[in-house]
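**Student:** Need a 3D model of the sequence below.
(one chain, ligands or ions: 2)
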Amino acid sequence: MTINGKKHLNHFSLNYPNVAIIDPPDAVERIHNRVSMLQVVNGLKIPSHNENFSIPKQIVIYDCESLSDPSNTNTLQFPVIAKPLVANGSATSHQLLVVFNTDGLNGLKSPLILQEFVNHGGVVFKVYVVGEFVQCVKRPSLPDISEEELGTLGGLLPFSQISDLTSQGHDTMHIEKAEMPPSSFVHDIANGLRRAMKLNLFNFDMIRDTSAGNRYLVIDINYFPGYAKLPSYETALTDFFWEIVHKKPSEAASLEIKECQDSSSDGRGPQLP
Ligand SMILES: Nc1ncnc2c1ncn2[C@@H]1O[C@H](COP(=O)(O)OP(=O)(O)OP(=O)(O)O)[C@@H](O)[C@H]1O
Ligand SMILES: [Mg+2]
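**Tutor:** Ligands and ions are numbered 1, 2, ... in the order given. Model (predicted):
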C-alpha cells in the first residue's frame, strides 16, 4: 500500500487508530531532495561546543545551460562534487562526479547540486539514529585532493575512479587512527536533527575539515539506512519497536515529537520518542 501524502495518511490512521506512524511520509520526502535535506542542518541550534558544524557551500542547477555562464558558478571553489538533486535510493540519484575545473561542468546533467569538495582526511563519520539511540562509526571516504593534483587532473571523474588517485585510496590505517568527534557533540546534532526533521530512523554523514580540525560538515542524510553496518543494530531496532508497541497513547502525549504532530486531533495514534 502506498501512503503518499497527508490526506492518505489521515485516512489510513482513521481506519487503523491503533497503528503508530513511525515517521511521517512528508518528513521522509524532505530528505529525498539534497537542498531541503541540508536546509534543516543550517537552521539547527545545539548547545555550544568547541566544535562547530555547517554544510559545504553548494548551489542548485536546474538547467545545465546556466553552467556556461561563469557568474552562476564563480561563488564556488574547485574541486566540486556534482550530485543529482534527487536522493531517493534509485541508482542514478547516487551517481556522483567530482569536477576539477570549468571544463568538467560541460559533462553534467541537471537537475543537480554543485557542492564544494572539502578535504577531510579520507574518513566519513556515519551517525546512526534509532529514536533516542545514537551511534557514530568511521568509514573510508574519498581521499584529499591537493592543489598540485588539482592542476594535473582532467575535467571530471566519477566517484568510482577517485579512490585510485592516491595511495590512501586502498589503505585503511588512516581510518583506524582517525579520532572520533566528541560524543556529546554528535548526540546534540543527532537529537537536534531528529526533532527538527520529525524523523526517528535515519543516519547522517559528517566529515571533518582537514584545514580546521574542529569544523564538521554534514554532507548527507539518509532515511532508513542499511543498519546492518551498525554494530548492535538488532538490539537498537528491537528496543525501539518494542517501546512503540508497548507505549500507551497517554504516555506518548508527553513525548517531544508530540509537540509537532498532534495525534489526538488527527487520530494517528501514539507518536514516538
Ligand atoms: N562535500 C564533500 N566533500 C568531500 N567529500 C564528500 C562531499 N560530499 C560527499 N563526499 C563523499 O562522497 C560520499 C558520498 O556522498 P553523499 O553521501 O552525499 O552521496 P549519496 O549518493 O547520498 O551517498 P550514499 O548512497 O552513501 O548515501 C560521502 O560519503 C563522502 O565520502
Ligand atoms: Mg545519501
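
**Student:** Now do the contacts for the closest residue to ligand 1 within the stretch 151-273 of the chain.
**Tutor:** Residue of the stretch 151-273 of the chain nearest ligand 1, by C-beta to the nearest ligand atom: Asp220 (3.2 Å). Every C-beta, even on glycine, is put in place using the N, C-alpha and C of the backbone. The neighbours of Asp220, taking C-beta atoms under 8 Å, 6 or more residues apart in numbering as the test, are Met37, Ala87, Phe204, Asp205.

**Student:** Gln39 belongs to a strand?
**Tutor:** No: remark: Gln39 does not belong to a strand; assigned using DSSP: H, G, I helix; E, B strand; the rest coil, it is helix.

**Student:** so which helix or strand takes in the residue of the stretch 151-273 of the chain closest to ligand 1?
**Tutor:** Counting by DSSP states H and E, the element that carries Asp220 is strand 215-223.

**Student:** any idea how far that strand is from the chain center?
**Tutor:** Per C-alpha atoms, centre = their mean, to the nearest Å, the displacement of strand 215-223 from the mean C-alpha position of its chain is 4 Å.

**Student:** measure the residue of the stretch 151-273 of the chain closest to ligand 1 to Asp103 for me?
**Tutor:** 27 Å (C-beta to C-beta, to the nearest Å).

**Student:** Against Asn52, how distant is the residue nearest the centre of the chain?
**Tutor:** For the chain, the residue lying nearest the average C-alpha position, counting by C-alpha atoms, centre = their mean, turns out to be Ile221 (1.5 Å). Going from Ile221 to Asn52 by C-beta to C-beta gives 18 Å.

**Student:** What of Gly107?
**Tutor:** When C-beta to C-beta is the yardstick, Gly107 and Asn52 sit 35 Å from each other.

**Student:** repeat for Leu156
**Tutor:** Where Asn52 is concerned, Leu156 sits at a distance of 31 Å (C-beta to C-beta).

**Student:** And those two? Which one has more around it.
**Tutor:** Of the pair Leu156 and Asn52, Leu156 is the one with more neighbours under other C-beta atoms under 10 Å, namely 21 against 14.

**Student:** I'd like to know the beta-bridge partner residues of the more buried one.
**Tutor:** With DSSP bridges as the criterion, Leu156 is bridged to Val99.

**Student:** who touches the residue of the stretch 51-200 of the chain found nearest ligand 2 in this structure?
**Tutor:** The shortest separation between the stretch 51-200 of the chain and ligand 2 is 5.2 Å, found at Ala87 (distances taken as C-beta to the ion). Taking C-beta under 8 Å, 6+ apart as the definition of contact, the neighbours of Ala87 are Ile31, His32, Asn33, Arg34, Met37, Ser93, His94, Asp220, Asn222.

**Student:** wait, the fifth one sits on Tyr223?
**Tutor:** So that's Met37. No: in this structure, Met37 is not within contact of Tyr223 by C-beta atoms under 8 Å, at 9.6 Å.

**Student:** mind listing the helices for the chain?
**Tutor:** Ranges of helices within the chain are 6-15, 25-30, 34-42, 147-152, 159-162, 173-177, 183-197, 233-246, 249-252, 263-266, based on DSSP state H.

**Student:** would a markdown table of those helices with mean neighbour count, distance to ligand 2 and mean pLDDT be doable?
**Tutor:** Written out in a markdown table, the entries for the helices of the chain read as follows (neighbours: other C-beta atoms under 10 Å; distance: least, C-beta to the ion, whole Å; pLDDT from 0 to 100):
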| stretch | mean neighbour count | distance to ligand 2 | mean pLDDT |
| --- | --- | --- | --- |
| helix 6-15 | 13 | 24 | 58 |
| helix 25-30 | 16 | 13 | 96 |
| helix 34-42 | 17 | 8 | 97 |
| helix 147-152 | 10 | 25 | 90 |
| helix 159-162 | 14 | 12 | 76 |
| helix 173-177 | 12 | 19 | 91 |
| helix 183-197 | 19 | 14 | 98 |
| helix 233-246 | 14 | 18 | 93 |
| helix 249-252 | 14 | 30 | 55 |
| helix 263-266 | 14 | 30 | 38 |
